[in-house]
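Undergrad: Make a model of this:
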Amino acid sequence: SLKSNADPGTADRRPEKQVSDKKTLIYPNPASSDITVWLPESPGQYTDLKIFNSHGSLMLQRDISDQLVTVNISHLAAGSYYMIFAGAEGSYTTTFIKK
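TA: Numbering: from 1, shown residues only. Okay, here's the model as predicted:
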């Protein structure tokens, strides 16, 4: 990790550093009917949610406007899926398992 020459420990002590770490929470995972996703970024950063299966086929797409998103996945077949959040400043990809 990069540290300042003036005070080598400064970067590790600043709590705001954690804001830039992507720590998206998906629960429950694996899930059978609904999953809830909490995005650590600011509300509105991501405006679009897409779910793809392991073959790259788009399974679900919806607009989002909140940091907390609940998605019904009961119609999906069991398996692994990619969840992509996209917005004006980029995108973020994570995975979940439908049981």
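Undergrad: Show the subsequent helix or strand relative to the helix or strand of the chain with the lowest mean pLDDT.
TA: The element with the least model confidence among the helices and strands of the chain, by mean pLDDT, DSSP states H and E, is helix 10-13, at a mean of 48. Next in sequence after helix 10-13, counting helices and strands by DSSP states H and E, comes strand 25-27.
Undergrad: helices and strands around that following strand, which ones?
TA: Strand 25-27 makes packing contacts with strand 34-38 when contacts are defined by 3 or more Cβ pairs under 8 Å, 6 or more residues apart in numbering; DSSP states H and E. To be clear about C-beta, it is placed using only N, CA and C from the backbone, and glycine gets the same treatment.
Undergrad: The residue lying closest to Pro40 once chain neighbours are set aside: how many residues sit nearby?
TA: Taking Cβ to Cβ, 6 or more residues apart in numbering, and ignoring the residues beside it in sequence, Pro40 has Lys23 as its nearest neighbour in space, at 5.4 Å. As a burial measure, the neighbour count of Lys23 was computed by other Cβ atoms under 10 Å and equals 9.
Undergrad: How much space separates Lys23 from Gly87?
TA: When Cβ to Cβ, to the nearest Å is applied, the distance between Lys23 and Gly87 equals 18 Å.
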